[in-house]
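Peer 1: I'll drop the sequence and a predicted model, then ask my questions.
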Amino acid sequence: MFNRIVDFTIAAGHSFFLWGQRQTGKSTLLLEKFPNSPRIDLLKNDEFVRLNRNPSLLREEFEAKKVPGPIVIDEVQKAPALLDEVHWLIENRRLQFVLCGSSARKLKRGHANLLGGRALRFELFGLVSTELGERWDLLTLLNRGFLPSHYASDIYSDLQRAYVNDYLKEEIAEEGLVRSLPTFARFLDLAALSDTELVSFSTFGRDCGVSPNTVQDYYQILCDTLVGTFLAPFSKKTKRRVSRAPKFYFHDVGIVNHLAKRGMIQEGTLYFGKAFENWVFHELNSYSHYSRKYFDLSYWQTGKVGEVDFILDGARIGIEAKGTDRVTQDHLKGLRSLAAEFKTLRKIVVCREKRARQTEDGIVILPEREFAQLLWAGEII
(Lines give C-alpha, C1' and ligand atoms only; values in the text may rest on other atoms or scores of the structure.)
Protein backbone atom coordinates (compact mmCIF):
# COMPACT_ATOMS: atom_id res chain seq x y z
CA MET A 1 0.00 0.00 0.00
CA PHE A 2 1.32 3.43 -0.96
CA ASN A 3 0.29 6.74 0.58
CA ARG A 4 -1.11 8.55 -2.46
CA ILE A 5 -0.99 12.33 -2.10
CA VAL A 6 -3.76 13.51 -4.44
CA ASP A 7 -5.90 15.74 -2.22
CA PHE A 8 -9.68 15.69 -2.57
CA THR A 9 -10.39 18.08 0.31
CA ILE A 10 -11.08 21.03 -2.00
CA ALA A 11 -13.87 18.94 -3.54
CA ALA A 12 -15.79 18.66 -0.26
CA GLY A 13 -19.47 18.79 -1.16
CA HIS A 14 -18.73 18.87 -4.90
CA SER A 15 -18.88 16.17 -7.52
CA PHE A 16 -15.66 15.43 -9.37
CA PHE A 17 -14.05 13.36 -12.10
CA LEU A 18 -10.94 11.31 -11.31
CA TRP A 19 -9.07 10.45 -14.47
CA GLY A 20 -5.94 8.34 -14.71
CA GLN A 21 -4.08 5.80 -16.77
CA ARG A 22 -5.12 2.19 -16.20
CA GLN A 23 -3.64 0.66 -13.03
CA THR A 24 -2.58 3.92 -11.43
CA GLY A 25 -4.68 2.88 -8.43
CA LYS A 26 -7.83 4.97 -8.86
CA SER A 27 -10.28 2.36 -7.53
CA THR A 28 -8.06 1.52 -4.57
CA LEU A 29 -7.67 5.19 -3.69
CA LEU A 30 -11.41 5.89 -3.85
CA LEU A 31 -12.19 2.85 -1.71
CA GLU A 32 -9.72 4.16 0.87
CA LYS A 33 -11.07 7.73 0.79
CA PHE A 34 -14.78 6.88 0.56
CA PRO A 35 -15.18 3.47 2.24
CA ASN A 36 -18.91 3.83 2.95
CA SER A 37 -19.98 5.26 -0.40
CA PRO A 38 -22.26 3.37 -2.80
CA ARG A 39 -20.18 2.02 -5.67
CA ILE A 40 -21.08 1.24 -9.26
CA ASP A 41 -18.36 -0.66 -11.10
CA LEU A 42 -18.96 -0.68 -14.84
CA LEU A 43 -16.19 -3.23 -15.32
CA LYS A 44 -18.68 -5.74 -13.93
CA ASN A 45 -20.51 -6.98 -16.99
CA ASP A 46 -23.91 -7.35 -15.34
CA GLU A 47 -23.72 -3.83 -13.92
CA PHE A 48 -22.63 -2.41 -17.26
CA VAL A 49 -25.36 -4.17 -19.24
CA ARG A 50 -28.06 -3.19 -16.75
CA LEU A 51 -27.24 0.53 -16.67
CA ASN A 52 -26.14 0.91 -20.27
CA ARG A 53 -29.43 -0.59 -21.43
CA ASN A 54 -31.50 1.58 -19.10
CA PRO A 55 -29.55 4.58 -17.70
CA SER A 56 -32.63 5.92 -15.91
CA LEU A 57 -32.24 3.10 -13.38
CA LEU A 58 -29.51 5.21 -11.77
CA ARG A 59 -31.98 8.02 -11.09
CA GLU A 60 -34.67 5.64 -9.91
CA GLU A 61 -32.30 3.93 -7.46
CA PHE A 62 -30.83 7.08 -5.89
CA GLU A 63 -33.47 9.80 -6.32
CA ALA A 64 -35.16 9.21 -2.97
CA LYS A 65 -32.36 7.40 -1.14
CA LYS A 66 -30.29 8.85 1.68
CA VAL A 67 -26.73 8.33 0.54
CA PRO A 68 -23.78 8.02 2.99
CA GLY A 69 -21.21 9.99 1.03
CA PRO A 70 -20.64 10.51 -2.69
CA ILE A 71 -21.79 7.91 -5.21
CA VAL A 72 -18.72 6.38 -6.90
CA ILE A 73 -19.05 5.30 -10.54
CA ASP A 74 -15.99 3.43 -11.78
CA GLU A 75 -15.06 3.37 -15.51
CA VAL A 76 -17.77 5.91 -16.28
CA GLN A 77 -16.59 6.29 -19.87
CA LYS A 78 -18.08 2.88 -20.66
CA ALA A 79 -21.65 4.22 -20.29
CA PRO A 80 -21.72 7.90 -21.36
CA ALA A 81 -25.51 8.13 -21.16
CA LEU A 82 -25.29 7.78 -17.37
CA LEU A 83 -23.90 11.32 -17.20
CA ASP A 84 -27.29 12.79 -18.10
CA GLU A 85 -28.77 11.02 -15.09
CA VAL A 86 -25.84 12.14 -12.92
CA HIS A 87 -26.42 15.71 -14.08
CA TRP A 88 -30.11 15.53 -13.10
CA LEU A 89 -29.36 14.07 -9.67
CA ILE A 90 -26.73 16.76 -8.97
CA GLU A 91 -29.08 19.56 -10.02
CA ASN A 92 -32.35 18.31 -8.55
CA ARG A 93 -31.34 16.16 -5.58
CA ARG A 94 -28.01 17.78 -4.71
CA LEU A 95 -26.27 14.41 -4.71
CA GLN A 96 -22.49 14.19 -4.96
CA PHE A 97 -20.73 11.90 -7.43
CA VAL A 98 -17.18 10.70 -7.91
CA LEU A 99 -16.77 9.70 -11.56
CA CYS A 100 -13.70 7.62 -12.26
CA GLY A 101 -12.24 6.64 -15.63
CA SER A 102 -9.18 5.81 -17.69
CA SER A 103 -10.28 7.47 -20.95
CA ALA A 104 -12.33 10.50 -21.84
CA ARG A 105 -12.12 9.66 -25.55
CA LYS A 106 -15.43 7.83 -25.78
CA LEU A 107 -17.14 10.65 -23.91
CA LYS A 108 -15.67 13.29 -26.22
CA ARG A 109 -16.46 11.36 -29.39
CA GLY A 110 -20.06 10.87 -28.32
CA HIS A 111 -20.45 14.49 -27.19
CA ALA A 112 -21.35 13.15 -23.75
CA ASN A 113 -22.57 15.39 -20.97
CA LEU A 114 -19.43 16.40 -19.06
CA LEU A 115 -21.60 18.23 -16.50
CA GLY A 116 -20.86 21.74 -17.71
CA GLY A 117 -18.56 22.84 -14.92
CA ARG A 118 -20.59 21.14 -12.19
CA ALA A 119 -17.79 18.67 -11.45
CA LEU A 120 -14.16 19.33 -10.57
CA ARG A 121 -11.37 17.41 -12.28
CA PHE A 122 -8.54 15.46 -10.69
CA GLU A 123 -5.88 13.24 -12.25
CA LEU A 124 -4.02 10.35 -10.69
CA PHE A 125 -0.58 9.56 -12.06
CA GLY A 126 1.83 6.75 -11.32
CA LEU A 127 3.93 6.78 -8.16
CA VAL A 128 6.02 9.87 -7.46
CA SER A 129 9.07 10.13 -5.23
CA THR A 130 7.33 11.62 -2.21
CA GLU A 131 4.79 8.77 -2.20
CA LEU A 132 7.53 6.14 -2.16
CA GLY A 133 9.47 7.61 0.77
CA GLU A 134 12.09 5.13 1.97
CA ARG A 135 10.94 2.61 -0.64
CA TRP A 136 12.17 4.87 -3.42
CA ASP A 137 15.02 3.45 -5.48
CA LEU A 138 15.67 5.26 -8.74
CA LEU A 139 17.05 2.32 -10.70
CA THR A 140 14.11 0.14 -9.64
CA LEU A 141 11.71 2.91 -10.62
CA LEU A 142 13.27 3.42 -14.04
CA ASN A 143 13.09 -0.31 -14.79
CA ARG A 144 9.72 -1.21 -13.29
CA GLY A 145 7.92 2.05 -13.99
CA PHE A 146 5.54 4.20 -11.99
CA LEU A 147 2.42 2.00 -11.81
CA PRO A 148 2.01 0.83 -8.18
CA SER A 149 1.42 -2.87 -8.91
CA HIS A 150 4.43 -3.00 -11.25
CA TYR A 151 6.81 -1.18 -8.91
CA ALA A 152 5.90 -3.49 -6.02
CA SER A 153 6.26 -6.75 -7.98
CA ASP A 154 9.23 -8.92 -8.92
CA ILE A 155 7.36 -10.08 -12.04
CA TYR A 156 7.00 -6.55 -13.37
CA SER A 157 8.08 -7.54 -16.90
CA ASP A 158 5.18 -10.00 -17.14
CA LEU A 159 2.81 -7.34 -15.80
CA GLN A 160 4.09 -4.85 -18.38
CA ARG A 161 3.43 -7.37 -21.17
CA ALA A 162 -0.08 -8.02 -19.88
CA TYR A 163 -0.71 -4.29 -19.59
CA VAL A 164 0.16 -3.63 -23.22
CA ASN A 165 -1.99 -6.55 -24.39
CA ASP A 166 -4.94 -5.41 -22.27
CA TYR A 167 -4.54 -1.84 -23.49
CA LEU A 168 -4.62 -2.91 -27.13
CA LYS A 169 -7.56 -5.23 -26.48
CA GLU A 170 -9.73 -3.13 -24.18
CA GLU A 171 -8.95 0.47 -25.03
CA ILE A 172 -8.24 0.17 -28.74
CA ALA A 173 -9.85 -2.92 -30.26
CA GLU A 174 -13.10 -3.02 -28.28
CA GLU A 175 -13.85 0.65 -28.86
CA GLY A 176 -12.94 0.41 -32.55
CA LEU A 177 -10.58 3.37 -32.30
CA VAL A 178 -8.37 2.26 -35.22
CA ARG A 179 -8.98 0.38 -38.46
CA SER A 180 -5.84 -1.75 -38.29
CA LEU A 181 -4.68 -2.99 -34.91
CA PRO A 182 -1.33 -4.35 -36.27
CA THR A 183 -0.55 -0.92 -37.75
CA PHE A 184 -1.37 0.77 -34.45
CA ALA A 185 0.79 -1.79 -32.61
CA ARG A 186 3.68 -0.91 -34.94
CA PHE A 187 3.09 2.78 -34.27
CA LEU A 188 3.09 2.10 -30.51
CA ASP A 189 6.53 0.46 -30.73
CA LEU A 190 7.92 3.40 -32.72
CA ALA A 191 6.39 5.92 -30.32
CA ALA A 192 8.08 4.16 -27.41
CA LEU A 193 11.45 4.25 -29.18
CA SER A 194 10.95 8.02 -29.59
CA ASP A 195 9.83 8.71 -26.02
CA THR A 196 11.23 12.11 -24.82
CA GLU A 197 12.14 13.04 -28.43
CA LEU A 198 10.70 15.33 -31.09
CA VAL A 199 7.69 13.95 -32.94
CA SER A 200 7.66 13.90 -36.75
CA PHE A 201 4.22 12.83 -37.98
CA SER A 202 5.45 12.47 -41.56
CA THR A 203 8.43 10.25 -40.62
CA PHE A 204 6.25 8.05 -38.44
CA GLY A 205 3.69 7.88 -41.25
CA ARG A 206 6.28 6.57 -43.70
CA ASP A 207 7.52 3.99 -41.19
CA CYS A 208 3.98 2.78 -40.41
CA GLY A 209 2.61 3.03 -43.95
CA VAL A 210 -0.09 5.54 -43.04
CA SER A 211 -0.67 9.26 -43.53
CA PRO A 212 0.74 11.92 -41.15
CA ASN A 213 -2.85 12.74 -40.17
CA THR A 214 -3.39 9.13 -39.11
CA VAL A 215 -0.23 9.24 -36.98
CA GLN A 216 -1.50 12.43 -35.39
CA ASP A 217 -4.78 10.64 -34.63
CA TYR A 218 -2.85 7.74 -33.12
CA TYR A 219 -0.98 10.09 -30.81
CA GLN A 220 -4.27 11.68 -29.82
CA ILE A 221 -5.52 8.24 -28.81
CA LEU A 222 -2.52 7.91 -26.48
CA CYS A 223 -3.35 11.30 -24.97
CA ASP A 224 -7.08 10.61 -24.61
CA THR A 225 -6.48 7.23 -22.98
CA LEU A 226 -3.98 8.93 -20.63
CA VAL A 227 -1.04 6.82 -21.77
CA GLY A 228 1.08 9.87 -22.52
CA THR A 229 1.14 13.56 -23.32
CA PHE A 230 2.75 16.07 -25.64
CA LEU A 231 5.28 18.64 -24.46
CA ALA A 232 5.02 21.76 -26.60
CA PRO A 233 8.00 23.93 -27.62
CA PHE A 234 8.43 27.20 -25.78
CA SER A 235 6.54 29.73 -27.90
CA LYS A 236 7.94 33.09 -26.84
CA LYS A 237 9.63 35.00 -29.66
CA THR A 238 13.34 34.37 -29.92
CA LYS A 239 16.29 35.67 -31.91
CA ARG A 240 17.26 32.14 -32.92
CA ARG A 241 15.45 29.61 -35.02
CA VAL A 242 13.90 27.08 -32.65
CA SER A 243 12.12 23.77 -32.99
CA ARG A 244 8.36 23.96 -33.50
CA ALA A 245 7.69 20.23 -33.23
CA PRO A 246 6.29 18.79 -29.99
CA LYS A 247 7.91 16.11 -27.87
CA PHE A 248 5.99 13.18 -26.47
CA TYR A 249 6.32 11.57 -23.03
CA PHE A 250 4.70 8.31 -21.98
CA HIS A 251 3.21 8.46 -18.49
CA ASP A 252 4.90 5.22 -17.46
CA VAL A 253 8.52 4.54 -18.28
CA GLY A 254 8.09 0.82 -17.57
CA ILE A 255 5.68 0.50 -20.49
CA VAL A 256 8.21 2.35 -22.66
CA ASN A 257 10.89 -0.13 -21.63
CA HIS A 258 8.70 -3.07 -22.60
CA LEU A 259 7.58 -1.64 -25.95
CA ALA A 260 11.10 -0.51 -26.88
CA LYS A 261 12.61 -3.85 -25.75
CA ARG A 262 15.22 -2.09 -23.65
CA GLY A 263 15.89 -4.97 -21.30
CA MET A 264 17.41 -4.16 -17.91
CA ILE A 265 18.39 -0.48 -17.81
CA GLN A 266 21.83 0.21 -16.37
CA GLU A 267 23.44 3.50 -15.37
CA GLY A 268 25.71 5.11 -17.93
CA THR A 269 23.70 3.94 -20.95
CA LEU A 270 21.66 5.91 -23.48
CA TYR A 271 18.50 4.18 -22.25
CA PHE A 272 19.21 5.26 -18.69
CA GLY A 273 19.47 8.89 -19.80
CA LYS A 274 16.14 8.73 -21.67
CA ALA A 275 14.39 6.99 -18.77
CA PHE A 276 15.86 9.54 -16.35
CA GLU A 277 14.46 12.42 -18.43
CA ASN A 278 11.06 10.70 -18.52
CA TRP A 279 11.16 10.46 -14.70
CA VAL A 280 11.97 14.18 -14.29
CA PHE A 281 9.05 15.03 -16.58
CA HIS A 282 6.82 12.67 -14.58
CA GLU A 283 7.71 14.42 -11.32
CA LEU A 284 7.20 17.91 -12.76
CA ASN A 285 3.92 17.07 -14.50
CA SER A 286 2.52 15.25 -11.45
CA TYR A 287 3.53 18.09 -9.12
CA SER A 288 1.87 20.63 -11.42
CA HIS A 289 -1.43 18.77 -11.10
CA TYR A 290 -1.28 17.62 -7.48
CA SER A 291 -0.28 21.08 -6.24
CA ARG A 292 -2.99 22.53 -8.54
CA LYS A 293 -0.49 25.18 -9.67
CA TYR A 294 -0.83 24.06 -13.30
CA PHE A 295 2.28 25.93 -14.36
CA ASP A 296 3.33 26.19 -18.01
CA LEU A 297 5.64 23.34 -19.00
CA SER A 298 7.46 23.26 -22.33
CA TYR A 299 10.91 22.69 -23.85
CA TRP A 300 13.34 24.85 -25.83
CA GLN A 301 15.64 23.71 -28.62
CA THR A 302 17.79 25.48 -31.18
CA GLY A 303 19.82 23.97 -33.95
CA LYS A 304 23.19 25.38 -32.93
CA VAL A 305 23.22 25.80 -29.16
CA GLY A 306 21.32 22.77 -28.01
CA GLU A 307 18.25 22.47 -25.83
CA VAL A 308 16.74 22.86 -22.40
CA ASP A 309 14.55 19.91 -21.48
CA PHE A 310 11.94 21.76 -19.43
CA ILE A 311 10.89 25.41 -19.37
CA LEU A 312 8.64 26.39 -16.47
CA ASP A 313 6.52 29.46 -15.89
CA GLY A 314 7.34 31.48 -18.99
CA ALA A 315 11.12 30.80 -18.98
CA ARG A 316 11.44 31.92 -15.36
CA ILE A 317 12.86 28.45 -14.64
CA GLY A 318 14.89 26.17 -16.89
CA ILE A 319 15.61 22.55 -15.95
CA GLU A 320 17.93 20.08 -17.63
CA ALA A 321 17.72 16.34 -16.91
CA LYS A 322 21.10 14.62 -17.16
CA GLY A 323 21.40 11.01 -16.05
CA THR A 324 25.10 11.37 -15.37
CA ASP A 325 27.21 11.54 -12.21
CA ARG A 326 29.55 14.14 -13.75
CA VAL A 327 27.99 17.29 -15.21
CA THR A 328 30.36 19.00 -17.66
CA GLN A 329 30.44 22.43 -19.30
CA ASP A 330 28.84 20.95 -22.42
CA HIS A 331 25.79 19.99 -20.36
CA LEU A 332 25.29 23.65 -19.39
CA LYS A 333 25.30 25.27 -22.84
CA GLY A 334 21.54 25.13 -23.32
CA LEU A 335 20.75 26.72 -19.96
CA ARG A 336 23.30 29.48 -20.53
CA SER A 337 21.88 30.25 -23.94
CA LEU A 338 18.35 30.34 -22.56
CA ALA A 339 19.39 32.63 -19.70
CA ALA A 340 21.11 35.03 -22.07
CA GLU A 341 18.02 35.34 -24.21
CA PHE A 342 15.22 35.32 -21.65
CA LYS A 343 16.93 36.34 -18.40
CA THR A 344 15.94 33.04 -16.77
CA LEU A 345 15.95 33.47 -12.99
CA ARG A 346 16.55 29.85 -11.97
CA LYS A 347 18.72 27.39 -13.88
CA ILE A 348 18.80 23.80 -12.63
CA VAL A 349 20.48 20.58 -13.74
CA VAL A 350 18.97 17.41 -12.24
CA CYS A 351 21.61 14.70 -12.28
CA ARG A 352 23.26 11.79 -10.48
CA GLU A 353 26.05 13.73 -8.80
CA LYS A 354 26.37 13.04 -5.08
CA ARG A 355 26.35 16.62 -3.80
CA ALA A 356 24.57 19.82 -4.78
CA ARG A 357 26.69 22.68 -6.07
CA GLN A 358 26.36 25.96 -7.94
CA THR A 359 28.40 27.34 -10.84
CA GLU A 360 29.74 30.90 -10.87
CA ASP A 361 26.93 32.03 -13.16
CA GLY A 362 24.24 30.60 -10.91
CA ILE A 363 23.42 27.20 -12.42
CA VAL A 364 22.39 24.85 -9.60
CA ILE A 365 23.50 21.22 -9.95
CA LEU A 366 21.09 19.03 -7.97
CA PRO A 367 21.27 15.31 -7.20
CA GLU A 368 17.96 13.68 -8.18
CA ARG A 369 16.85 12.96 -4.61
CA GLU A 370 17.46 16.54 -3.50
CA PHE A 371 15.62 17.85 -6.56
CA ALA A 372 12.61 15.68 -5.72
CA GLN A 373 12.57 16.82 -2.10
CA LEU A 374 12.74 20.51 -3.07
CA LEU A 375 10.09 20.09 -5.76
CA TRP A 376 7.51 18.50 -3.44
CA ALA A 377 8.33 21.01 -0.71
CA GLY A 378 7.29 23.76 -3.15
CA GLU A 379 10.81 25.21 -3.34
CA ILE A 380 11.42 24.77 -7.08
CA ILE A 381 8.26 26.52 -8.26
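Peer 2: Perfect, thanks for sending it. Numbering: from 1, shown residues only.
Peer 1: surely Gln358 meets Val349?
Peer 2: No: between Gln358 and Val349 there is no contact under CB atoms under 8 Å: 10.3 Å. The way it works is simple: take the backbone N, C-alpha and C, and place the C-beta from them, glycine included.
Peer 1: tell me where the stretch 151-300 of the chain is predicted with low confidence.
Peer 2: Residue ranges of the stretch 151-300 of the chain with pLDDT under 70: 237-243.
Peer 1: quick revisit: neighbour count: Gln358 and Val349, which is higher?
Peer 2: Taking other CB atoms under 10 Å, Gln358 and Val349 do not tie; Val349 has more neighbours (24 against 11).
Peer 1: gap between stretch 353-369 and the chain center?
Peer 2: Between the centre of stretch 353-369 and the centre of its chain there are 27 Å (CA atoms, centre = their mean, to the nearest Å).
Peer 1: what comes up buried for that stretch?
Peer 2: For stretch 353-369, burial by neighbour count (16 or more other CB atoms under 10 Å) applies to 353, 363-368.
Peer 1: show residues contacting that stretch.
Peer 2: Contact partners of stretch 353-369, identified using CB atoms under 8 Å, 6 or more residues apart in numbering, comprise 129, 136, 138, 276, 279-280, 324-327, 332, 335-336, 339, 346-352, 370, 374.
Peer 1: for stretch 166-179, same thing?
Peer 2: Here stretch 166-179 has contacts from 22, 102-103, 105-106, 181, 184-185, 188, 218, 221, 225, 227, using CB under 8 Å, 6+ apart.
Peer 1: on that earlier part again, what's the most distant pair in the buried residues of stretch 353-369?
Peer 2: Using CB to CB, the two most remote members of those are Ile363 and Glu368, lying 16.2 Å apart.
Peer 1: related to what we said a few turns ago, so how do I select the buried members of the contacts of stretch 166-179 in PyMOL?
Peer 2: In PyMOL, this line selects whichever of the contacts of stretch 166-179 come out buried by 16+ other CB under 10 Å:
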select buried, resi 22+102+103+105+106+184+188+218+221+225+227
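Peer 1: which two of the contacts of stretch 166-179 have the greatest separation?
Peer 2: Lys106 and Ala185 (20.6 Å).
Peer 1: give me the distance from the longest helix seen in the chain to the chain's centre.
Peer 2: The residue-count maximum for a helix in the chain (DSSP state H) belongs to helix 270-290. With CA atoms, centre = their mean as the basis, helix 270-290 stands 10 Å off its chain's centre.
Peer 1: and the very next helix or strand once past that helix, what does it pack against?
Peer 2: On the C-terminal side of helix 270-290, the nearest following helix or strand under DSSP states H and E is strand 297-302. With contacts taken as 3 or more CB pairs under 8 Å, 6 or more residues apart in numbering; DSSP states H and E, strand 297-302 sits against strand 228-231, helix 270-290, strand 306-312, helix 333-342.
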